[in-house]
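> one predicted model, sequence on top.
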Amino acid sequence: MGKKLYVGNLGYDVSSSDLQQLFAQHGTVNSAEVINDRMTGRSKGFGFVEMSSDQEAQSAISALNGQTHGTRALTVNEAKPRENRGGGSGGGGYGGGRNRRY
């Protein structure tokens, strides 16, 4: 299984194919995706790349983290699992007593 990488501080004009080409220099890229805003369709300035092996992922991190791409210094590191953002039980909010009078 490949290693998923977070790529931050991307220029807003960078496409998913640009990201794939950049990382292909360091190994086999299984997928590359720039994340876009749902409302505007504009890039959010970050994306994810999945490399085919841990060694290729480490090579890409070593080579590209902190390197300038366009006018920006890239942030490249291992992607962390997405946090659960509610929607289920255990969240805060209101509940419990009805029509309390104080």
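Arrived safely. Residues are numbered from 1 along each chain as shown.
> by mean pLDDT, flag the weakest helix or strand of this structure.
strand 68-69 (a mean of 94; mean pLDDT, DSSP states H and E).
> quick one: the helices in the protein, in order.
All helices of the chain, identified by DSSP state H, fall at 16-24, 54-64.
> need these in TSV with distance to residue 74 and mean neighbour count, can you?
Placement of C-beta: from N, CA and C, glycine included. As requested, the helices of the chain are arranged in TSV below (distance: least, C-beta to C-beta, whole Å; neighbours: other C-beta atoms under 10 Å):
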stretch	distance to residue 74	mean neighbour count
helix 16-24	9	17
helix 54-64	6	17
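> nearest to residue 10, out of the ones you listed?
helix 16-24 (7.4 Å; C-beta to C-beta).
> using PDB, list the CA coordinates for the closest one.
Coordinates of each C-alpha in helix 16-24 appear next as PDB, following Å, rounded to 0.1, in the frame of the first residue of the first chain:
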ATOM      1  CA  SER A  16      -3.700  18.100  -9.900                       C
ATOM      2  CA  SER A  17      -1.700  17.200 -13.000                       C
ATOM      3  CA  ASP A  18       1.000  19.800 -12.000                       C
ATOM      4  CA  LEU A  19       1.200  18.100  -8.600                       C
ATOM      5  CA  GLN A  20       1.500  14.600 -10.200                       C
ATOM      6  CA  GLN A  21       4.300  15.800 -12.500                       C
ATOM      7  CA  LEU A  22       6.200  17.400  -9.600                       C
ATOM      8  CA  PHE A  23       6.000  14.200  -7.500                       C
ATOM      9  CA  ALA A  24       6.700  11.800 -10.400                       C
END
